[in-house]
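Engineer: Provided below are the primary sequence and the corresponding predicted coordinates.
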Amino acid sequence: MERRTDLAVEARELAGEDISGVEFIKREESGMEISRMTVKNHDAGIKLKKEIGTYITIDVPAMTDNYLSTDERILTIGKEIRRLLPVNGLVLVCGLGNVEITPDALGPKSVSRVLATRHITGELARSTGLDSLRPVAVLSTGVTGQTGIETFEYIESIVAKVRPNAVVVIDALASRRLERLGCTLQISDTGISPGSGVRNHRKSINRESVGVPVISLGVPTVVDAVTLVCDALGVTDAKTYEQLRASLSPDNRSMVVTPKEIDLLIDRASRLISMSLNCALQENVEPSVLESLM
């Protein structure tokens, strides 16, 4: 039986917490619970259905709360992102998803608030006092149905042209628990499979496919309907699972559940991600200054 989730911590719950080849550390900081899971070998990856690499999960207060630029949580999240980034060089930030569909709009909404600085060079940078900014390029990929271009093809071509030192991709995720929607941020250095949250898998975007490190950021915005019902009813046998799957996914059309306040959740989550990422990329600039530049 498959329990749909994009979160590494939930994959660990499903596979069993005592897995050889997995290192798991948890701590609290700035009012948040932060766990760092490292998948060290292929066997562990198979059990978890996750790639080898690092997965940082940050449980935050409900994102319907306000997040101010001076909030310690933003600085803490920024530090966690920075740990996975190269020290120097251009970073390409890509927002994945469809801005017209609210649960899938996290990527486009987030990158709209990320400070693009690649074009600020030379005399312009010096005269405006912005010569200490790290070069950043920002891209909203849209979806294939809008552009006719696969997300991977889009990013691969831009990487070949602008030659960044790293790529950051932002996308909405799927959780297996309603209580995690809008309350969890996952950061990983293993890249991403666009559309996986809604079972619309595309070619993976990772270091092997694009040639540079790929850092992924995401917040769960949906729960798979079959997973939700099976967990709620405590279903453990394959026959009942298949019956529920046939009922809840007619003609293999996957159904997902999202909270009624999803508009507010996406707005607040995108602000949290964008400001945290700005702080991670521009370590020497105060958050209040970054906000004013935006």
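Structural biologist: Now that the structure is in, tell me what you want to look at. These figures come from a predicted structure and were not determined experimentally.
Engineer: how about the helices of the protein, start to end?
Structural biologist: With DSSP state H applied, the chain shows helices at 8-15, 42-48, 72-84, 106-111, 122-128, 144-147, 151-162, 207-210, 225-233, 238-248, 262-281, 287-293, listed in chain order.
Engineer: give me whichever of the ones you listed is most buried.
Structural biologist: Of all the helices of the chain, helix 106-111 has the most neighbours on average by mean count of other C-beta atoms under 10 Å, namely a mean of 27. To be clear about C-beta, it is placed using only N, CA and C from the backbone, and glycine gets the same treatment.
Engineer: who's in contact with it?
Structural biologist: The contact list for helix 106-111 (C-beta atoms under 8 Å, 6 or more residues apart in numbering) reads 93-99, 138-142, 169-172, 217-219, 221, 266-267, 269-270, 273-274, 277.
Engineer: can you do 7 Å?
Structural biologist: Outside helix 106-111, the residues that touch it by C-beta atoms under 7 Å, 6 or more residues apart in numbering are 93, 95-97, 99, 138, 140, 170-172, 219, 221, 266, 269-270, 273-274.
Engineer: shaky segments in the stretch 151-294 of the chain?
Structural biologist: For the stretch 151-294 of the chain, the stretches with pLDDT under 70 are 195-202.
Engineer: please enumerate the strands of the stretch 51-200 of the chain.
Structural biologist: With strands called from DSSP state E, counting those that start in this stretch, the stretch 51-200 of the chain shows them at 53-59, 91-96, 136-142, 166-175, 184-188.
Engineer: the ones you listed into CSV, with extra columns for distance to Leu281?
Structural biologist: Listed next are these as CSV, based on distance: least, C-beta to C-beta, whole Å:
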stretch, distance to Leu281
strand 53-59, 17
strand 91-96, 6
strand 136-142, 6
strand 166-175, 8
strand 184-188, 14
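Engineer: ok, which of these comes nearest Arg3?
Structural biologist: Closest approach to Arg3 among these is made by strand 166-175 (10.3 Å; C-beta to C-beta).
Engineer: what is the burial count for Asn88?
Structural biologist: Asn88 has 9 neighbours, counted by other C-beta atoms under 10 Å.
Engineer: tell me how far it lies from Arg245.
Structural biologist: Separation of Asn88 from Arg245 (C-beta to C-beta, to the nearest Å) stands at 49 Å.
Engineer: please apply the same query to Leu228.
Structural biologist: Going from Leu228 to Arg245 by C-beta to C-beta gives 12 Å.
Engineer: about what we covered before: out of the strands of the stretch 51-200 of the chain, nearest to Ser249?
Structural biologist: The nearest among these, by C-beta to C-beta, is strand 166-175 at 14.1 Å.
Engineer: who's in contact with Ser188?
Structural biologist: Applying C-beta under 7 Å, 6+ apart to Ser188 gives the contacts Gly53, Thr54, Tyr55, Ser216.
Engineer: go again with 6 Å.
Structural biologist: Contact partners of Ser188, counting by C-beta atoms under 6 Å, 6 or more residues apart in numbering, are Tyr55, Ser216.
Engineer: the one 4 residues further on too?
Structural biologist: If you count contacts by C-beta under 6 Å, 6+ apart, Ile192 has them with Val169, Asp171, Ile205, Ser216.
Engineer: pretty sure the last one contacts Ile170?
Structural biologist: It refers to Ser216. No: with contacts counted by C-beta atoms under 6 Å, Ser216 stays clear of Ile170, the gap being 7.6 Å.
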